[in-house]
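# dropping a prediction and its sequence here:
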Amino acid sequence: MAVNNRKIRIVIDTDAGIDDAEAILMALGHPHVIVEAITTVTGNIQVEQVNRNVQTVLDAAGKVIPVYSGAGLPLVEPWVGAGEFHLNDGLGDWEARPPCSPKLEAQPAAEALVRLARENPGELTLVALGPMTNLALAIRLDPAFAQNIGRLVFMGGAAHAVGNTDRMAVEFNIGADPEAAHIVLNSFPRATMLDWEVTLSHPIPWAQYDRLCALPTALAGTFRGITGNVTRLWRDKPGSTGHLLPDPLAMAVALEPELILEQESRYVTVELEGRHTRGQTVVNYTLVDHGDPNVQVVKRVQMDGVLHLYEQMLCSGTSS
């Protein structure tokens with residue numbers, strides 16, 4: 001929650017898949033948060049569709065936020081989407097999805113990030129929900145960019161190499177643009193990482209997911225719409241214990257850091273070579289000094305607080 005009644009001012013960088021949409025709605029529905037801007041990047045889907053998805057989310061929430069379109073390709077890595085998890089349109093092929101027309105600012109995302117950070121040194125929390133291409137470009141445009149950001153929270157990585165891509169040790173967001181993530185982690189003096197392994201251990205149990213879907217609000221209808229098809233595909237798979245929250249967990253700890261129950265301060269970098277390891281987040285667990293700790297690796301999150309944020313989010317709109 002905001003300290004001393006001060007609003008938390010955030011910028012969201014997103015590739016606007018299903019969980020991104022939930023995370024954005026969480027921020028928009030929080031009474032102590034100001035979303036200053038949203039920047040978009042190719043990741044789960046290509047950036048043109050990301051822009052449409054962000055507009056769909058903003059329209060659902062009844063919000064007008066500056067949106068800056070960003071990188072259409074990773075720095076080096078060929079683009080590979082995540083349709084298996086987000087389906088064709090990135091928002092779960094929601095059948096009743098309303099039409100929308102993206103309203104974009106003229107300035108490119110990386111330039112906007114640099115400007116916002118310069119104008120508000122130390123004041124902004126940057127929440128990165130997708131590949132870090134825009135952030136890396138911002139660093140190349142302005143070497144002081146990382147120092148001008150007050151706090152960086154990102155969803156990505158796998159601290160113990162339990163990945164979710166064809167490269168077994170690699171998580172999608174980092175693997176989608178390894179060079180960008182490498183630049184970011186070697187530039188920011190400190191960041192907070194919410195990784196894939198924590199995602200797997202912190203689902204919303206299916207019974208609680210069903211209760212959230214049944215809330216009589218317009219945003220609960222949006223939540224049902226964007227999650228329904230993927231839920232039907234994955235719910236009965238072996239080992240599926242609930243609705244996974246990669247980006248919402250990252251957003252939750254960005255908005256309310258007190259929800260972090262356990263974290264470790266570690267040196268983290270990104271491997272750029274290897275058939276199975278390119279894009280792996282390499283975490284120093286040894287006693288050998290490989291560099292100063294640069295990442296707070298989140299290990300456990302208070303899920304009652306996360307559920308409260310979901311209820312707050314879904315009840316922030318009008319009744320259905």
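Yep, that arrived. Numbers count the residues shown, from 1 in each chain.
# could you use CA atoms for every contact and neighbour count after this?
Noted.
# send me the lowest-mean-pLDDT helix or strand in the chain as CSV with only the CA atoms.
Taking mean pLDDT, DSSP states H and E as the measure, the helix or strand of the chain with the lowest value is helix 83-86, at a mean of 74. Presented in CSV, the C-alpha positions along helix 83-86 are these (Å, rounded to 0.1, in the frame of the first residue of the first chain):
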residue,chain,number,x,y,z
GLY,A,83,-0.3,-18.8,-28.6
GLU,A,84,-0.5,-22.0,-26.6
PHE,A,85,-1.1,-20.1,-23.5
HIS,A,86,-2.8,-16.9,-24.8
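# now do the buried residues in that helix.
For helix 83-86, the neighbour count (16 or more other C-alpha atoms under 10 Å) marks 85-86 as buried.
# let me know how buried Pro98 is, in neighbour terms.
By other C-alpha atoms under 10 Å, 9 other residues sit near Pro98.
# contact partners for it?
Thr56 (C-alpha atoms under 8 Å, 6 or more residues apart in numbering).
# gap between the residue nearest to the spatial centre of the chain and Ala181?
The structure's the chain has its C-alpha centroid closest to Leu129; by C-alpha atoms, centre = their mean the separation is 2.0 Å. Remark: distance between Leu129 and Ala181 (C-alpha to C-alpha, to the nearest Å) = 12 Å.
# need the longest helix for the protein.
Counting residues, the longest helix in the chain under DSSP state H turns out to be helix 218-234.
# what bridges to the closest residue to the residue nearest to the centre of the chain other than its chain neighbours?
Of all residues not flanking Leu129 in the chain, Thr14 sits nearest, at 4.9 Å (C-alpha to C-alpha, 6 or more residues apart in numbering). Note on Thr14: beta-bridge partners by DSSP bridges are Thr40.
# who's in contact with the longest helix of the chain?
Defining contact as C-alpha under 8 Å, 6+ apart, one finds that helix 218-234 is touched by 18, 22, 60-61, 85-87, 91-97, 212-214, 240, 243, 313-320.
# among those residues, which ones are buried?
Looks like the contacts of helix 218-234 have 18, 22, 60-61, 85-87, 91-94, 212-213, 243, 313-317 buried, using 16+ other C-alpha under 10 Å.
# looking at the residues you listed, which are in strands?
His243 (DSSP state E).
# state the distance from the residue nearest to the centre of the chain to Glu22.
From Leu129 to Glu22 the distance is 11 Å (C-alpha to C-alpha).
# what residues are shared contacts of the two?
Joint contacts of Leu129 and Glu22 (C-alpha under 8 Å, 6+ apart) are Asp247.
# follow-up on the earlier one: contacts only, for the residue nearest to the centre of the chain.
12-15, 20, 154-156, 173, 247, 250.
# 10 Å instead?
For Leu129, the contact set (C-alpha atoms under 10 Å, 6 or more residues apart in numbering) comprises 12-17, 19-20, 23-24, 40-41, 43, 153-156, 173, 194, 246-248, 250-251.
# likewise His182?
132, 136, 174, 268-272, 279, 281.
# now what about the helix or strand following the least confident helix or strand of the chain, what contacts it?
With elements assigned by DSSP states H and E, the helix or strand that comes after helix 83-86 is helix 109-119. For helix 109-119, contacts defined as C-alpha under 10 Å, 6+ apart pick out 11, 13, 36-41, 67-71, 105-107, 121, 123-126, 133-150.
# which of the residues you listed are buried?
11, 13, 36-41, 67-71, 121, 123-126, 133-139, 142, 144-150.
# pretty sure the residue nearest to Leu129 contacts Thr39?
Yes: using C-alpha atoms under 10 Å, Thr14 makes contact with Thr39 at a distance of 6.3 Å.
# where does the stretch 201-320 of the chain have low pLDDT?
Along the stretch 201-320 of the chain, the parts satisfying pLDDT under 70 run over 317-320.
# residue boundaries of the strands in it?
Assigned by DSSP state E, counting those that start in this stretch, the strands in the stretch 201-320 of the chain fall at 204-205, 242-243, 260-266, 268-270, 281-283, 295-301.
# how much space is there between the residue nearest to Val301 when sequence neighbours are not counted and Leu249?
The spatial neighbour of Val301 that comes closest, neighbours along the chain excluded (C-alpha to C-alpha, 6+ apart), is Ile260 at 4.7 Å. Distance, Ile260 to Leu249, by C-alpha to C-alpha: 10 Å.
# what residues are shared contacts of those two?
With C-alpha under 10 Å, 6+ apart, Ile260 and Leu249 have common neighbours 301-303.
# how about the residues you listed in CSV, adding neighbour count and distance to Ala207?
Listed next are these as CSV, based on neighbours: other C-alpha atoms under 10 Å; distance: C-alpha to C-alpha, whole Å:
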residue, neighbour count, distance to Ala207
Val301, 24, 19
Gln302, 16, 18
Met303, 17, 14
